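Peer 1: Next input, structure requested:
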Amino acid sequence: MKYGRVAAFAFVLGVFFLQFKAPTVVAGADTSPFAKNFSLVDKDGNLAKPDDYRDKYEMLGTYFVLDPAGNQMHMTYASPGAAAYFRQNGKFADGTVLVKEVLGTEHAPMTTGDAHWASGTKVWFVMIKDEKGRYTNSKLWGDGWGWALYKSDAPDKQVAVSYKKDCQGCHIPAQKTDWIYTQGYPVLHSSKW
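Peer 2: Here you go, the predicted structure:
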């Protein structure tokens, strides 16, 4: 009887500890902290705009664009941990997501001078770093990135047809910095900057 209780206890203890076994790692599976961001991509390679980027993403910086048709503010956000990874490695990690809001502006004279502020989103550009060439059959993927465009009149519909036609043109001057204007994002650089 004594051995029966010990065996039963050992069995229950074994079942209990099976719950805490180490996770199985599939050979070739991407275990980087940024891999989860590929859940924003559907089977056809369409990249969704993250709903929570203003709350959960890091602000990289803002460009103010003077335009006779209406000045703009370009505010860029990155998935959590992207800036620290960039500072440490000098590049964006595979799976890093960038969201750029292009906003209109308003202005008025204030005690500090002619003040300008953001007003109304015009478009969103979304990119995800792809070092592995995951979607070679999609015209929205290439040059190390997945590319997407959303407009304010349909904020949940990705409208780009080809990254080369709809997105990349504005990035050509930044080709040497992996297609991103990193010089305008202070958090990517040393604190001495």
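
Peer 1: Only C-alpha atoms from now on, for both contacts and neighbour counts.
Peer 2: OK.

Peer 1: The chain: helices as residue ranges?
Peer 2: 2-18, 53-56, 82-89, 163-166 (DSSP state H).

Peer 1: Poorly predicted segments of this structure, please.
Peer 2: 1-31, 191-193 (pLDDT under 70).

Peer 1: how about a cut-off of 90?
Peer 2: For the chain, the stretches with pLDDT under 90 are 1-33, 44, 190-193.

Peer 1: Strands along that one, start to end?
Peer 2: 58-65, 72-78, 97-110, 113-129, 141-142, 145-151, 154-158 (DSSP state E).

Peer 1: got these as JSON lines, with mean neighbour count columns?
Peer 2: Shown next, in JSON lines, are these (neighbours: other CA atoms under 10 Å):
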{"stretch": "strand 58-65", "mean neighbour count": "18"}
{"stretch": "strand 72-78", "mean neighbour count": "22"}
{"stretch": "strand 97-110", "mean neighbour count": "18"}
{"stretch": "strand 113-129", "mean neighbour count": "17"}
{"stretch": "strand 141-142", "mean neighbour count": "23"}
{"stretch": "strand 145-151", "mean neighbour count": "24"}
{"stretch": "strand 154-158", "mean neighbour count": "14"}
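
Peer 1: Would you reformat these as JSON lines and include distance to Phe38?
Peer 2: Converted to JSON lines, the strands of the chain look like this (distance: least, CA to CA, whole Å):
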{"stretch": "strand 58-65", "distance to Phe38": "18"}
{"stretch": "strand 72-78", "distance to Phe38": "14"}
{"stretch": "strand 97-110", "distance to Phe38": "9"}
{"stretch": "strand 113-129", "distance to Phe38": "8"}
{"stretch": "strand 141-142", "distance to Phe38": "13"}
{"stretch": "strand 145-151", "distance to Phe38": "10"}
{"stretch": "strand 154-158", "distance to Phe38": "16"}
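
Peer 1: what's the closest of these to Asp51?
Peer 2: Counting by CA to CA, Asp51 lies closest to strand 154-158 out of the strands of the chain; the figure is 9.5 Å.

Peer 1: Show me what the closest one is packed against.
Peer 2: Applying 3 or more CA pairs under 8 Å, 6 or more residues apart in numbering; DSSP states H and E, we find strand 154-158 packed against strand 145-151.

Peer 1: CA atoms only for the strand it packs on, dumped as PDB, please.
Peer 2: C-alpha atoms of strand 145-151 as PDB (Å, rounded to 0.1, in the frame of the first residue of the first chain):
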ATOM      1  CA  TRP A 145      10.900  46.000 -46.500                       C
ATOM      2  CA  GLY A 146       7.100  45.400 -46.800                       C
ATOM      3  CA  TRP A 147       5.300  48.600 -47.700                       C
ATOM      4  CA  ALA A 148       1.700  49.800 -47.300                       C
ATOM      5  CA  LEU A 149      -0.300  53.000 -47.800                       C
ATOM      6  CA  TYR A 150      -3.600  54.000 -46.100                       C
ATOM      7  CA  LYS A 151      -5.600  57.100 -46.800                       C
END
